[in-house]
Each structure stands twice: as structure tokens, then as C-alpha cells.
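A.B. asks: Predicted structure and sequence below. I'll ask about it afterward.
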Amino acid sequence: MSIYDPEPVEISTRMRPGEWSEETLAHLVAGYQEKIMAMGALAEDVITSIHRDHDGGVSVKVSWDKAEAIEDPLRE
């Protein structure tokens, strides 16, 4: 896969109650965002979704829709 491959990139995980804290969650999200940007995403292209379950678990998804970035020829 090259940077010009239009397939989206996603890093995600789910953690159960007791497996995370606000501090570890923030560290995990920042790490995922850094990995996506290391693949070539601009900061404004990184989409972060955090869903807190009613039982205390959390789902995290950090993604980059490369097709949108490629379609805009004025992007730097």
C-alpha cells in the first residue's frame, strides 16, 4: 500500500471497564493519531472517535480517509 492508495486507514480498539483510565486513554489516542500522521495524514484529516459504553468500557477509533485528501489537488 502506498500513500496514494485511496483506501482509508483506521486504528481502533475496545477496552473493558478497569482496563483504562482517562490518562491512559489520552496517551493511547495521541499515539494512534501520531501513527496515522506518520503515514502522511495532515492533522485536519485525522478523525478521532471515542465512545464510552454504559458499562464503563470505551471504544477508540482514529482514521484517515485518504480518498478525500487525494481528490483535493490544492492540498499541501
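C.D. replies: Received, thanks.

A.B. asks: Flag the shaky bits of the protein, pLDDT-wise.
C.D. replies: Across the chain, the ranges flagged by pLDDT under 70 are 1-5, 68-76.

A.B. asks: For the residue nearest the centre of the chain, which non-adjacent residue is closest in space?
C.D. replies: Nearest residue to the geometric centre of the chain (C-alpha atoms, centre = their mean): Val62, 1.3 Å. In this structure, Val62 finds its nearest non-sequential neighbour in Tyr32, 3.9 Å apart by C-beta to C-beta, 6 or more residues apart in numbering. No exception for glycine: its C-beta is placed from N, CA and C like everyone else's.

A.B. asks: what's the neighbour count on the one you found?
C.D. replies: 20 (other C-beta atoms under 10 Å).

A.B. asks: Show me which positions of stretch 42-50 end up buried.
C.D. replies: Going by neighbour count (16 or more other C-beta atoms under 10 Å), the buried part of stretch 42-50 is 45-46.

A.B. asks: The chain: helices as residue ranges?
C.D. replies: 22-38, 66-71 (DSSP state H).

A.B. asks: Can you give me every residue that contacts the residue nearest to the centre of the chain?
C.D. replies: Counting by C-beta atoms under 8 Å, 6 or more residues apart in numbering, Val62 touches 10-12, 29, 32-33, 35-36, 46-49.

A.B. asks: how about a cut-off of 7 Å?
C.D. replies: By C-beta atoms under 7 Å, 6 or more residues apart in numbering, Val62 lies in contact with 11, 29, 32-33, 36, 46, 48.

A.B. asks: who does the closest residue to Thr13 other than its chain neighbours bridge with?
C.D. replies: Nearest non-adjacent residue to Thr13, counting by C-beta to C-beta, 6+ apart: Val60, 5.5 Å away. Beta-bridge pairing of Val60 under DSSP bridges involves Thr13, Ile50.

A.B. asks: how close does Val60 get to His51?
C.D. replies: Using C-beta to C-beta, to the nearest Å, Val60 is found at 8 Å from His51.

A.B. asks: Please identify which of those two sits among more neighbours.
C.D. replies: More crowded of Val60 and His51, by other C-beta under 10 Å: Val60, with 18 against 10.
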